[in-house]
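Undergrad: Following is a predicted model, sequence given first.
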Amino acid sequence: MTQTTGESYQLPDDRHLAQALDRAEAPDAQADDVARIMCLLLAATVRDILTGHEYPAAFDAVGLELVCTADGTVRTTGAYWVGDGTRREFEEPGSEYHLDAWACELDNANRDTWAALCELLSDDGGAARYRLDLIRAAAL
C-alpha cells in the first residue's frame, strides 16, 4: 500500500456506488450517464487501491492519467497525481486491470462527458493523454 498524506475527496458509500453501477448497466442507460458513473467508479477504485480497502485510511490522489487512442479506446496508464502536483505510479500489481474495468466504458460515444472532467495533457494524433480530475469525478 502506498503511503499518502491525507484524504483528497469523499465518495458515496458502497451501497450508493452499487446503485450507480446498476444505473450504468441498465438497458436504457444514456451514454453520458455511463461516462459520469464510470468516472465516479474510477475515483472509487483509485481510493481502494491506495488505501488497500481500509476506510477511512488516508489517500491523496487528485488526478488519474487516461489515454484515449485514435479509435476511441480509453485505458489507464498506472499513473496518478497527488495534491502537490507530483505524478506517481501505482505500486499495487494489477492496479491498471482494476481501473481499466471502468475506463473501457469510456469512448467516443460519451467523450464529451468524461473529457469535461479532464485536462488534456497531450495529443499526438494517435493517442491523447488526459488527467481525470478525481475530485470532480467523485462528486456524482
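TA: It's in.
Undergrad: make it CA atoms for all contacts and neighbour counts henceforth
TA: Noted.
Undergrad: what's the spacing between Ile37 and Ala18?
TA: Per C-alpha to C-alpha, to the nearest Å, Ile37 is found 10 Å from Ala18.
Undergrad: The two: which has the busier surroundings?
TA: Shown here are Ile37 and Ala18; by other C-alpha atoms under 10 Å, Ile37 has more neighbours (24 against 13).
Undergrad: Tell me the secondary structure at that one.
TA: Three-state call for Ile37 (DSSP: H, G, I helix; E, B strand; the rest coil): helix.
Undergrad: Okay, and the spatially most central residue of the chain sits in which element?
TA: Centroid check for the chain by C-alpha atoms, centre = their mean gives Leu42 as the closest residue, at 2.9 Å. Here Leu42 is covered by helix 31-51, with elements defined by DSSP states H and E.
Undergrad: looking at it, the residue nearest to the centre of the chain is touching Glu105, isn't it?
TA: No - Leu42 is beyond contact range of Glu105, at 10.8 Å (criterion: C-alpha atoms under 8 Å).
Undergrad: Number of residues surrounding Leu64?
TA: Using other C-alpha under 10 Å, Leu64 has 25 other residues around it.
Undergrad: Find the nearest non-adjacent residue to Asp107, please.
TA: Gly72 (5.1 Å; C-alpha to C-alpha, 6 or more residues apart in numbering).
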